[in-house]
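**Q** sequence isn't available, so here's the structure alone:
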């Protein structure tokens, strides 16, 4: 009996179970967090009855969803219909396992962490497509296709942003990326435009915020989740919130210094420092709050506006950004300063010019619009 | 499609929609694919639906995402008001009039009360006229807050924030109206020849303070949405009401004014003390969704101006005609009469036929939303579903008035 | 061409005179109801023709239909049309009487498209059938309702309450 193999498998199982639990709990916490944050911004209370300050609200919601009648439409594909909601969380969990949480603890330290993240988040896209197809409902399929199209379109700017990080750090390894940001040399300060591109692409990947037409279209015609009810739908729903945490964690790791912060070595338990974990979570949840804030503040983009923005604006700008970053790193002797200047100049130009140009085009369109007579 | 999609017998409206699809298919119109069956689907945006404001049912014929035809089905809120009128005295009917366009109750009562006063040949007291204008304009602000708020809420989660801010401020107005009349929504306040209660002590001051704050609050709403490029893209150029539509269908109110037609009954058919007041008729030039939103926001500011003027000009005196105190039973002379007034949604009026008895012989409401809803098939066809939701929100429907 | 309101300033009395003159024999009992309405009676056979000509009058073009009311006057039914003229900013109220036995009238939807739903409501409530209407079915009541409620002889039938 090869005990080592058994122990290894046992450890693997435990890690996966723990990872799933962590993702679930994080997603549930996010839901309550979002509802309270939205309520705060809308001048009302939000859920505050269940548990102290309402923190157990999602637990109650989860019980409710689990108690619903579980049915499968007779004409839906039996295997895929059950498989799709199960598959949807794989991406989140897999990425969760590779994050550097604190000094000395990364559950699965991969040497190709960055590429791995991008590759594995495509599982969600696949699960949504399968979910829409398995429903055997024409409109669900169209909704799923549209959602998938949005997700793959926005993966490209995300990859471009990650490429910029890899170039600046010189490695795909997440631990190296975090280590490179010691002493407050956060990549967000050096490459703000790359950070911006990553954040926008991440929001679109999550089907969140102003990019949530695929899921809100279930006002009338179905989105991919119409035929799902109870916990099956709950999985799709939870995945969105799990993704929020994941994307924020990735952004924090890559751009906001990971677990760096003051008083790092204060409490060390068995080689694992505790305080940096706190910093990591604080930064992650600040970003999550920003995601909720963005969702509240912007009207929904229509599908054509969404795709146009990805292909005509984000991707060209992302490519230019990569080219500029690469040029600076290759040819400018003090490349950190070079990155700083290039980064901030491009950021200011984009932020400063985007809105006025859009408004100018809209105004011109308006002037050409004929005054209504008959 | 498999049979198990049809769960109930199609009713008249759905049958009509299917019939029209068959006609189009048979004629081969609208496409160069003659004789082929079209891939159109009849979808029911049923009476309970988050985007149709009120119990409105839209039988929508969709081709993919494009709306081909819309058949509105109404009557889900029909409460037989016109029949009720025949068994209620004129005074007993005032609370029932409140409940037609319940978001603009004061204005609805005003429309009814003016008609009866004209039938009887009496004029209200001067102080009551000013009070009516004040509460009418306050009601207009409150009504527009709901209308614009729910319209923006349809577009996005941003709108839900705007709705909450608007409702929070609407509470301030409703508090004022509650102090005056005792109710927050169904006021039962106007009487023939005046109003029921005089303004309580200190009310004028409170109203003045609120009117001083109001323009800043309106600025806050506009700052949330006006400058937003996404909002502009989604609303400009959509759902254009042409002037020919206005003439054909009798569209009135902000919907007409947004298309450049200065049709405001407060100016074109002046009533009450409006001739003495200084305010502008808000119009816009393009007639699209954004302009209707714009006109409503401008009208809120104009209403603030009107209220401030009235508060300054408020005369002393009685608020009811002495001759019409209790027992509150009036018998207008036989005859018929129609008076329309400017409701926040358009021209609202009642046509009353009196036979000299204490009950109206026939009472008919002219409801602005009823006429505006007729435009839906023409307005929504050819747009995508998401646009259709935005356009229907901008028309500002209240089913209470449509169905009565 | 922007729609303008009240460009022609004739007094309401002159308008009544003009109408009596232009439609002598067709419009009876033309009187003025202050401040801006002319009320007239019209015979049912002449409705369609007069409607079309009213819309096409040069100065007083009554282009917009405001509402149509069905009234049960006891001895007969009546369809009241309230039309608006943009140029003069005045209204015209036409009363068209219809016998109870044969409650039929020509539709005016081809003259004023707004009449569509108003006529449906009149049919629904009072039971005046409008011949030539593109889609005359009930609008406020359920499709299989029996009876016309706003008639004075309406009795609430058991068929209308299957679930009671």
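**A** All right, it came through fine. In this text the structure is predicted, and so the values were computed from the model without any measurement.

**Q** give the burial count for residue A:116, as a bare number.
**A** When neighbours are defined as other Cβ atoms under 10 Å in any protein chain shown, residue A:116 has 18 of them. C-beta: built from backbone N, CA, C; applies to glycine.

**Q** gap between it and residue A:104?
**A** Residue A:116 sits at a distance of 21 Å from residue A:104 (criterion: Cβ to Cβ, to the nearest Å).

**Q** ok, now residue B:333?
**A** Going from residue B:333 to residue A:104 by Cβ to Cβ gives 96 Å.

**Q** of those two, who's got more company?
**A** Taking neighbours as other Cβ under 10 Å, residue B:333 and residue A:104 compare with residue A:104 leading, 15 against 10.

**Q** thought the more buried one was touching residue A:274?
**A** No - Residue A:104 is beyond contact range of residue A:274, at 10.4 Å (criterion: Cβ atoms under 8 Å).

**Q** any shared contact partners between the two?
**A** The contact sets of residue A:104 and residue A:274 overlap at residue A:268 (Cβ atoms under 8 Å, 6 or more residues apart in numbering or on different chains).

**Q** now do the strands in the chain.
**A** Just going to use chain A. A:268-269, A:272-273 (DSSP state E).

**Q** you looked at the wrong chain, it should be chain C
**A** Going by DSSP E, chain C shows strands at C:27-33, C:37-42, C:64-72, C:76-85, C:90-99, C:104-106, C:129-131.

**Q** nearest to residue A:55, of these?
**A** strand C:64-72 (57.0 Å; Cβ to Cβ).

**Q** run through who's touching the closest one.
**A** Residues outside strand C:64-72 that contact it (Cβ under 8 Å, 6+ apart) are B:246-248, B:250, B:340, B:347, B:351, B:353, B:362, B:364, B:366, B:371, C:77-84, C:86, C:91, C:108, C:112, C:114-115, C:118-119, C:121-123, C:125-128, C:150-152.

**Q** and the angle for it with strand C:76-85?
**A** Strand C:64-72 runs at 170 degrees relative to strand C:76-85, counting by axes from the mean of the first three to the mean of the last three Cα atoms, to 10 degrees.

**Q** quick one: mean pLDDT over strand C:64-72.
**A** The average pLDDT within strand C:64-72 is 92.

**Q** look up how far residue A:210 lies from the residue of the stretch 151-300 of chain A found nearest chain B.
**A** As assessed by Cβ to the nearest Cβ, chain B sits closest to residue A:299 within the stretch 151-300 of chain A, at 3.5 Å. Here residue A:299 is placed at a distance of 7 Å from residue A:210 (Cβ to Cβ).

**Q** same question, residue A:370
**A** From residue A:370 to residue A:210 the distance is 30 Å (Cβ to Cβ).

**Q** these two: which has the busier surroundings?
**A** A count of neighbours by other Cβ under 10 Å puts residue A:210 above the other of residue A:370 and residue A:210, at 22 against 8.

**Q** in this structure that one contacts residue A:296, no?
**A** No - between residue A:210 and residue A:296 there is no contact under Cβ under 8 Å: 10.2 Å.

**Q** show the contacting residues for residue A:177.
**A** If you count contacts by Cβ under 8 Å, 6+ apart, then residue A:177 has A:113-114, A:165, A:169, A:171, A:187, A:253-254, A:258 around it.

**Q** do residue B:137 as well
**A** Here residue B:137 is in contact with B:303, B:306-307, B:310 (criterion: Cβ under 8 Å, 6+ apart).

**Q** cool, and residue A:289?
**A** By Cβ under 8 Å, 6+ apart, the contact list for residue A:289 reads A:33, A:37.

**Q** so what pLDDT did the residue lying closest to residue A:42 once chain neighbours are set aside get?
**A** Computed as Cβ to Cβ, 6 or more residues apart in numbering or on different chains, the closest residue to residue A:42 that is not its neighbour in sequence is residue B:164, at 4.2 Å. Looking at residue B:164, its pLDDT is 85.

**Q** where's residue B:164, which helix or strand?
**A** Counting by DSSP states H and E, the element that carries residue B:164 is helix B:157-181.

**Q** same question for the following helix or strand past that helix, mean pLDDT?
**A** For helix B:157-181, the following helix or strand on the C-terminal side (DSSP H and E) is strand B:190-191. Here strand B:190-191 scores 89 as its mean pLDDT.

**Q** quick one: the helix or strand bottoming out on mean pLDDT in chain C to strand C:90-99, angle?
**A** Of all helical and strand segments in chain C, the minimum by mean pLDDT, DSSP states H and E falls on strand C:27-33, at a mean of 81. Angle of strand C:27-33 versus strand C:90-99, following the same axes, to 10 degrees, is 140 degrees.

**Q** having no further points to raise, I will conclude here.
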